[in-house]
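Engineer: The following block contains a protein sequence and its predicted model.
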Amino acid sequence: MSKFAHITKIHPCFNEKIHDKVGRIHLPVALKCNIACKFCRRSIGKEACEQRPGVARAILKPEDVESYLKRMLDKYPNIKVVGIAGPGDSLFNKETFETLKIIDEKFPNLIKCISTNGLLLPKYYKTLADLNVKTVTVTVNAINPEILKEIVERVYYNKKIYKGIEGAEILIKNQLEGIRKAYDEDLIIKINTVLIPEINKEHVVEIAKELKDYAYIQNIIPLIPLYKMKNYRPPTCEELKKVREEAEKYLPQFRACAQCRADAVGLIKEKEELKNYFKEQNKELDVFEIKHFSH
């Protein structure tokens, strides 16, 4: 995959050696989510002080993206990557595509990146390529539906809710199909996998085996015990190390993930720039009451 080197060498989520050199910005425009992971709790608003995925100070509207990006690029000239990573699923929100179009037109030199659960990737992989998105991170926590049903409670697809095995089968099928199609469009794929020792510890290596011909890298991250998994334990350092070593036989491993917020700015550290932006623009924070399914 040397043909991707010009992108991956300056993307801090693909190259851990440049965390202190190259910045990124996450635009929290994607509110809604179409699956219910048992470990996921989205937090938006003034109480959203945690440093983890699914957290944002506010929801940024597409019409505010250009002015916000200009300000951040002036303040952080080391930003080379612009991403959409929630706080919901990027592909389940029309605002994602509106935002990507704005970036493509107004900021063509920035590397565009999205994160997704992959449920809608077979539908939108070509759209992403046409919008000059370069990197796609897909969260794949299991490729066995018996295991995935213990992690994902519900799946909302084609205006219907699917639970248990049925939902898990739909999600896995679409993830694998979408990843292969995105790869064929020369999108660079990173696989995020949440390591939940009591559920998928012995299974994670199977994900690496399955996707070794399509993914560029895998990022195995420890469970943050939240929501319906608040009583589950995170992996020990030794467990995480061992699973990564096993998976690395099939896929290169990324070992420096900071599990960033959906509104992260700058180098790999968190800043509440969105709050300051809205304050100086004399705008109200655009905070929504959210439910786990907000479609």
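Structural biologist: That came through, no problem.
Engineer: Just the pLDDT for Lys75.
Structural biologist: pLDDT for Lys75: 89.
Engineer: Now Ile172. Nearest residue, chain neighbours left out?
Structural biologist: Nearest non-adjacent residue to Ile172, counting by Cβ to Cβ, 6 or more residues apart in numbering: Ile143, 5.6 Å away. Every residue, glycine included, has its C-beta placed from N, CA and C.
Engineer: Same check on Glu185?
Structural biologist: Closest to Glu185 by Cβ to Cβ, 6+ apart is Ala129, at 4.1 Å.
Engineer: For the one you found, grab the count of nearby residues.
Structural biologist: 17 (other Cβ atoms under 10 Å).
Engineer: Next one, pLDDT for it please.
Structural biologist: What the model reports for Ala129 is a pLDDT of 96.
Engineer: Show the backbone phi and psi for Thr135.
Structural biologist: Torsion angles at Thr135 (phi, psi; degrees, to the nearest 10) stand at phi -130, psi 140.
Engineer: which SS state does Lys74 fall under?
Structural biologist: Not Lys; residue 74 is Asp. helix (DSSP: H, G, I helix; E, B strand; the rest coil).
Engineer: pLDDT weak spots in this protein?
Structural biologist: Applying pLDDT under 70 to the chain flags residues 1-22, 43, 46-55, 258-259, 262, 266-295.
Engineer: how about the strands of it, start to end?
Structural biologist: 23-26, 35-37, 43-44, 55-56, 79-84, 111-116, 133-139, 152-157, 160-163, 188-195, 217-222, 265-266 (DSSP state E).
Engineer: Am I right that Ile111 is in contact with Thr135?
Structural biologist: Yes - judged on Cβ atoms under 8 Å, Ile111 makes contact with Thr135 at a distance of 6.9 Å.
Engineer: Let me see the contact set for the most centrally placed residue in the chain.
Structural biologist: Nearest to the mean C-alpha position of the chain, by Cα atoms, centre = their mean, lies Ser115 at 3.0 Å. By Cβ atoms under 8 Å, 6 or more residues apart in numbering, Ser115 lies in contact with Gly83, Ile84, Ala85, Gly86, Ser90, Val136, Thr137, Val138, Thr139, Asn192.
Engineer: can you list the residues you listed in a markdown table and add neighbour count?
Structural biologist: Shown next, in a markdown table, are the contacts of Ser115 (neighbours: other Cβ atoms under 10 Å):
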| residue | neighbour count |
| --- | --- |
| Gly83 | 24 |
| Ile84 | 27 |
| Ala85 | 26 |
| Gly86 | 30 |
| Ser90 | 30 |
| Val136 | 30 |
| Thr137 | 22 |
| Val138 | 24 |
| Thr139 | 21 |
| Asn192 | 21 |
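Engineer: tell me which of these is nearest to Glu105?
Structural biologist: If you rank these by distance to Glu105 using Cβ to Cβ, Ile84 comes first, at 15.9 Å.
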